[in-house]
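S.K.: need the 3D shape of this:
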Amino acid sequence: MEILNRIALALRTIRKERGWSLDKTAQETGVSKAMLGQIERAESSPTISTLWKIASGFKVPFSLFITDDQPDYGTGQTKTLHPSDDKIKVLPIFPFDEKLKCEIFLIELLPGCEHISSPHQPNVVEHVLVAEGSMEVYSNSAWKLLTKGQGLRFDACQPHGYRNLSEQSSTIYDIIHY
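M.R.: Numbering: from 1, shown residues only. I've put the predicted structure just below:
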């Protein structure tokens, strides 16, 4: 429930700061007005994909929606953000840094996880580094296998994704530059 309230507050605050109506927000994010209203009232928990659409539409970092004002900088555990995303768990290690234009996540991909992300805003670059296990990254219309110690950098303003076809959990670092 805490994450639901955090997302609701962040969405409402950003929207009001910009003077955007729900109609304008829906137009800019590609998320329906009804869904945005439910998220703002903490009646619905957005999937990771929906949250990325909202962040991209506002041109703000993803971590803005899932971290509080006093982040723990990676001292916690990865968490499921939405029940339908139960095979991918996220922990912000370093929430968005305005000076560096960067945020860093620790992501756990459970066996059978496949997560496709919508394109982010232009000039966003992701770096994926495998800490444990193996996984595949979808970029440039193809899947690429990465194993422990390997990484990939790609333009995130295109459809991209992650999957774990192994029988073991995989842990990755996802570094996002805006």
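S.K.: next, the residue nearest to Lys144 when sequence neighbours are not counted: secondary structure please.
M.R.: Using CB to CB, 6 or more residues apart in numbering and skipping the chain neighbours, the partner closest in space to Lys144 is Val137 (5.3 Å). C-beta coordinates here come from the backbone N, C-alpha and C atoms, glycine included. When classified by DSSP: H, G, I helix; E, B strand; the rest coil, Val137 comes out as strand.
S.K.: ok, Leu9 next?
M.R.: For Leu9, the secondary-structure state derived from three-state DSSP is helix.
S.K.: residues near it, how many?
M.R.: 14 (other CB atoms under 10 Å).
S.K.: what do you get for His115?
M.R.: Every residue meeting other CB under 10 Å relative to His115 is counted, giving 18.
S.K.: and the gap between it and Ile14?
M.R.: 24 Å (CB to CB, to the nearest Å).
S.K.: next secondary structure after the helix or strand of the chain with the lowest mean pLDDT?
M.R.: In the chain, the helix or strand scored least confidently by mean pLDDT, DSSP states H and E is helix 63-66, which has a mean of 87. Next in sequence after helix 63-66, counting helices and strands by DSSP states H and E, comes strand 88-97.
S.K.: low-scoring stretches of this protein, by residue?
M.R.: Along the chain, the parts satisfying pLDDT under 70 run over 1, 68-76.
S.K.: which parts of it are strands?
M.R.: In the chain, the strands defined using DSSP state E lie at 88-97, 102-109, 114-117, 125-132, 134-139, 142-147, 151-155, 160-163, 170-177.
S.K.: burial measure for the closest residue to Phe94 other than its chain neighbours, as a count.
M.R.: Ranked by CB to CB, 6+ apart and with sequence neighbours excluded, the top spatial neighbour of Phe94 is Ile104, at 4.4 Å. Neighbourhood size, Ile104 [other CB under 10 Å]: 21.
S.K.: next one: Phe105
M.R.: Neighbours of Phe105 under the rule other CB under 10 Å: 21.
S.K.: quick check: it touching Pro95?
M.R.: No: under the criterion of CB atoms under 8 Å, Phe105 makes no contact with Pro95, lying 9.2 Å away.
S.K.: common neighbours of the two, please.
M.R.: Counting by CB atoms under 8 Å, 6 or more residues apart in numbering, the shared contacts of Phe105 and Pro95 are Ser63.
S.K.: can you pull the phi/psi pair for the residue nearest to Lys59 when sequence neighbours are not counted?
M.R.: Using CB to CB, 6+ apart and skipping residues adjacent in sequence, the residue nearest Lys59 is Gln121, 5.3 Å away. Note on Gln121: backbone dihedrals following degrees, to the nearest 10 are phi -60, psi 160.
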